[in-house]
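Chemist: Got a predicted structure plus its sequence, pasted below:
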Amino acid sequence: MITNFFIPELNNHDVQELWFQQDSATCHTARATIDLLKDTFGDRLISRFGPVNWPPRSCDLTPLDYFLWGYVKSLVYADKPQTLDHLEDNIHRVIAFIRPQMLEKVIEKWTSRLDYIRASRGIHMPEIIFKM
């Protein structure tokens, strides 16, 4: 996927300032994968074994992880799609109906999470995780 889709798609855009962050799943941190991403992003790679290490508890920091995937998944699977076409249609429909106001609220929550992490110097944050 990285070589056949992602990097060719990046070549269609100006990404000189773009950073890439991924989780520490084993398949994401294979030597070949990390080498390919380092070649593409240089020092702008946030990953286990990358130039910038994956931050601890970072799923708490990434809006895609702490909100969007769960939200999308709950709606995509609400009618229990039985075919790949049905699943793809649901994904497209759900993504298309995400309102900018919702994303603005997510970013507001994200910045408050970052403020909390800075103030607490990175300690575990149950007060914020379970209230947002």
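Modeler: Now that the structure is in, tell me what you want to look at. Residues are numbered from 1 along each chain as shown.

Chemist: The residue lying farthest from the centre of the chain and Ala96, how far apart?
Modeler: In the chain, Gln82 marks the outermost C-alpha relative to the chain mean, sitting 26.6 Å out by C-alpha atoms, centre = their mean. Taking C-beta to C-beta, to the nearest Å as the measure, Gln82 and Ala96 are separated by 21 Å. C-beta: built from backbone N, CA, C; applies to glycine.

Chemist: for the longest helix anywhere in the chain, what is the average pLDDT?
Modeler: Counting residues, the longest helix found in the chain (DSSP state H) is helix 100-120. What helix 100-120 shows for mean pLDDT is 80.

Chemist: what sits against Phe49?
Modeler: Thr29, Arg31, Ile34 (C-beta atoms under 8 Å, 6 or more residues apart in numbering).

Chemist: Can you tell me the element Arg48 falls in?
Modeler: Assessed by DSSP states H and E, Arg48 sits outside every helix and strand.

Chemist: Next, the residue farthest from the centre of the chain: secondary structure please.
Modeler: Classification of Gln82 by DSSP: H, G, I helix; E, B strand; the rest coil places it in coil.

Chemist: Which per-residue confidence value corresponds to it?
Modeler: At Gln82, the model reports a pLDDT of 96.

Chemist: do you know how far Gln22 is from Val106?
Modeler: Distance of Gln22 to Val106, computed by C-beta to C-beta: 20 Å.

Chemist: my guess is Thr40 meets Phe20, correct?
Modeler: Yes - using C-beta atoms under 8 Å, Thr40 is in contact with Phe20, at 7.4 Å.

Chemist: Quick check: beta-bridge partners of Leu45?
Modeler: Going by DSSP bridges, Leu45 is paired in beta bridges with Phe20.

Chemist: What about it, how many residues nearby?
Modeler: Other residues within reach of Leu45, judged by other C-beta atoms under 10 Å, total 19.

Chemist: Any idea which helix or strand in the chain has the lowest mean pLDDT?
Modeler: Ranking every helix and strand in the chain by mean pLDDT, DSSP states H and E puts helix 126-129 at the bottom, with a mean of 51.
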